[in-house]
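> Would you be able to build a 3D model of this:
(one chain, ligands or ions: 1)
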Amino acid sequence: MDAAALWRVGESSPTPVHPVGPCSYDGAVSNGTVLLAEPRGYCAGVDRAVVAVERALEHYDETVYVRHEIVHNKFVVDRLREQGAVFVKEVDEVPEGSLVIFSAHGISPKVREMAEERNLRTIDATCPLVTKVHKEAVRFAREDYDILLVGHTGHEEVEGTAGEAPDHVQVVNSPDAVGDVTVRDPEKVVWLSQTTLSVDETMETVDKLRERFPQLQAPPSDDICYATQNRQVAVKKIAPQSDLVLVVGSPNSSNSVRLMEVALEAGAKASHRIDSVVELQEEWFEGVETVGVTSGASVPEILVQQLLAELAERGYGAVEPVRTATEDLMFSLPRELRQSMKEKGESDRRQRPSGRHATAES
Ligand code: SF4
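From the prediction side, this is the model:
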C-alpha cells in the first residue's frame, strides 16, 4: 500500500493494516499488542474539504487561496501547500478577484462580506454539519432566544457560529464557566455546541446550565457530530485495556485533543497526542504491554500506518482492530466547485469505499 492510496481515504480502500515507512528503533521490548480503534481518522466533512482543494487545484488554471488551515492537520496542510495551495489567515491577503476556499470549520457572515467587498470568487468547504449549527443559531436568534454556545473561545468553528448572531450568542467554555452566564429571559434560552467536543463534558456543562435555567431548550438534533461521537465511543472501548493510548492528531485539532482526554477518563493508564511518529518518546513505553491507537477526524490514514509500523519495530506487532461503528457517510463537493466542473464537462462524482457514489447535496 503506497502513501497515495492511503492519502485519499474517502475515495480509496480505507484501512488495511500494513506497515509502511522506515523504522529506526533498535530497542524492541516485548510481544506487545495494539488495540486499533475503528472508526478513526478522516470524517466526511474533512474528506470533502481536502478533496475540494485537490480538485480545485486540478480544475482552475490560477492560484487557489485557502482561508485558514483547510482542516486542522499539519501533514494535510503541508501536502496541499506543496501541491500549490496558498494558505492565508484572512481574506484581505487574497488579491482582488481571486479564488478562495473557506475551510471546513466554517466562517461568519462578516468574512463572507469581506470576500464580497474584494470581489473574491469563493468555494465554501464548510462541513455541512457545521452549517447545520449555523442555521440553528440564525433561527433561534431570529426568534430572539439567548443562545448558549458550548465550545472553546477562539476556535474557528465557534467564531463562525457565534458570528451568525453575535448579539444573541454567549460562548460557554466549560462547566466552570456556567456561573458567569447571564440571560435576558430564563424562559427563552437554548444551548448549541461546537461539533467536536467531548460528549460527556458537554453534557456536564448542559446539566449545570439547566440547573440555572430549567427552561433551557436543547438543539433540534445533536450538534456534536457523528464522527466526533463515534471516535470517542471507539476510544472508550479500547482505553480500559490499554496501558498507553496514542492519538494521532495535531495540537490545534479539537477532536484529537478530546480523544486523548476521553481515553484518560475511560481508564487508559496514559495517553499522548502526536502529530506523527517522530514525536514518540521512549519513556512512554516503560512497562507497557498494550497500546491503544486512534486518530482524530482530520488525520489521514497514512500517519496511523506509519505509527503501526514503528510500534511493530518496538515489539507491538499484534494489531487487534476494535470496531464500534461503521461509517459510510460522504458529502458531495461544494456547490460552487461542482458547478464550475460541470460547465467544463468534468465529472464531480465521488466514489465511496464501498463503490457507491456520493450523490447527496450537502
Ligand atoms: S468532525 Fe464532524 S463537524 Fe467536523 S468536519 Fe468532521 S464531520 Fe464535519
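> what residues does the stretch 151-300 of the chain put near the ligand?
By the rule Cβ under 6 Å from any ligand atom, the part of the stretch 151-300 of the chain lying against the ligand is Thr195, Thr196, Cys225, Ala227, Thr228, Asn255, Ala297. Glycine gets a C-beta too; all of them are placed from N, C-alpha and C.
> Does the fourth one lie in a helix or a strand, and which?
Using DSSP states H and E, Ala227 falls within helix 226-238.
> Show me which of the residues of the stretch 151-300 of the chain next to the ligand are buried.
Thr195, Thr196, Cys225, Ala227, Thr228, Asn255, Ala297 (16 or more other Cβ atoms under 10 Å).
> In contact with the residue nearest the centre of the chain, which residues?
With distances taken as Cα atoms, centre = their mean, Ala297 lies nearest the centre of the chain, 4.1 Å away. Listed by Cβ atoms under 8 Å, 6 or more residues apart in numbering, the contact set of Ala297 reads Gly41, Tyr42, Cys43, Gly45, Val46, Thr196, Ala227, Thr228, Arg231, Ser253, Asn255, Ser256.
> Mind doing that once more with 7 Å?
Going by Cβ atoms under 7 Å, 6 or more residues apart in numbering, Ala297 touches Tyr42, Cys43, Val46, Ala227, Thr228, Arg231, Asn255.
> quick one, domains of this structure?
3-43+226-323, 44-127+330-343, 129-212 (automatic domain parsing).
> Just the endpoints, please. Distance across the shortest one?
End-to-end distance of domain 129-212 (Cα to Cα, to the nearest Å): 29 Å.
> Check the second one too.
This stretch, domain 44-127+330-343, spans 25 Å end to end (Cα to Cα).
> Briefly note if it comes near the ligand.
Yes - against the ligand, domain 44-127+330-343 shows contacts by Cβ under 6 Å from any ligand atom at Ala44, Gly45, Val46, Ala104, Cys127.
> Single out the residue in the stretch 51-200 of the chain that lies closest to the ligand.
Closest to the ligand within the stretch 51-200 of the chain is Cys127: 3.1 Å, counting by Cβ to the nearest ligand atom.
> burial count for that residue?
Close neighbours of Cys127, defined as other Cβ atoms under 10 Å, add up to 27.
> Do a quick rundown of the helices in the stretch 151-300 of the chain.
156-163, 199-212, 226-238, 254-265 (DSSP state H, counting those that start in this stretch).
> For the first one, which residues meet the burial criterion?
Across helix 156-163, burial judged by 16+ other Cβ under 10 Å covers Glu156, Glu157, Val158, Glu159, Gly160, Thr161, Ala162, Gly163.
> Can you name the residues that contact the closest residue to the second one other than its chain neighbours?
Nearest residue to Glu157 in three dimensions, chain neighbours excluded: His105, at 4.3 Å (Cβ to Cβ, 6 or more residues apart in numbering). His105 is in contact with Val130, Glu156, Glu157, Gly160, counting by Cβ under 7 Å, 6+ apart.
> which two from these end up farthest apart in space?
Val130 and Glu156 (9.8 Å; Cβ to Cβ).
> Work out for me the element the residue of the stretch 1-150 of the chain found nearest the ligand sits within.
Nearest residue of the stretch 1-150 of the chain to the ligand: Gly45, at 2.6 Å (Cβ to the nearest ligand atom). Element membership for Gly45, per DSSP H and E: helix 44-59.
> what angle sits between that helix and helix 254-265?
For helix 44-59 against helix 254-265, the angle by axes from the mean of the first three to the mean of the last three Cα atoms, to 10 degrees is 150 degrees.
> I figured Asp146 hits Glu187, correct?
No - using Cβ atoms under 7 Å, Asp146 is not in contact with Glu187, being 10.2 Å away.
> okay, these two: which has more neighbours?
Asp146 (22 against 11).
> ok, that one - contacts?
Counted by Cβ under 7 Å, 6+ apart, Asp146 has contacts His168, Val183, Arg184, Lys188, Val189.
> repeat that for 6 Å
By Cβ atoms under 6 Å, 6 or more residues apart in numbering, the contact list for Asp146 reads Val183, Arg184, Val189.
> Distance of Ile156 relative to Glu289?
Just so we're on the same page, residue 156 is Glu rather than Ile. Separation of Glu156 from Glu289 (Cβ to Cβ, to the nearest Å): 39 Å.
> Distance of the residue in the stretch 151-300 of the chain that the ligand sits nearest to relative to Leu329?
Closest to the ligand within the stretch 151-300 of the chain is Cys225: 3.2 Å, counting by Cβ to the nearest ligand atom. Distance of Cys225 to Leu329, computed by Cβ to Cβ: 10 Å.
> Closest one to Val53 out of the buried ones among the residues of the stretch 151-300 of the chain next to the ligand, please.
Looking across these and measuring by Cβ to Cβ, the closest to Val53 is Ala297, at 16.6 Å.
> Which residue is the nearest non-sequential neighbour of Glu96?
Here the residue nearest Glu96, using Cβ to Cβ, 6+ apart, is Arg118, at 5.0 Å.
> And for Asn31?
Gly315 (6.5 Å).
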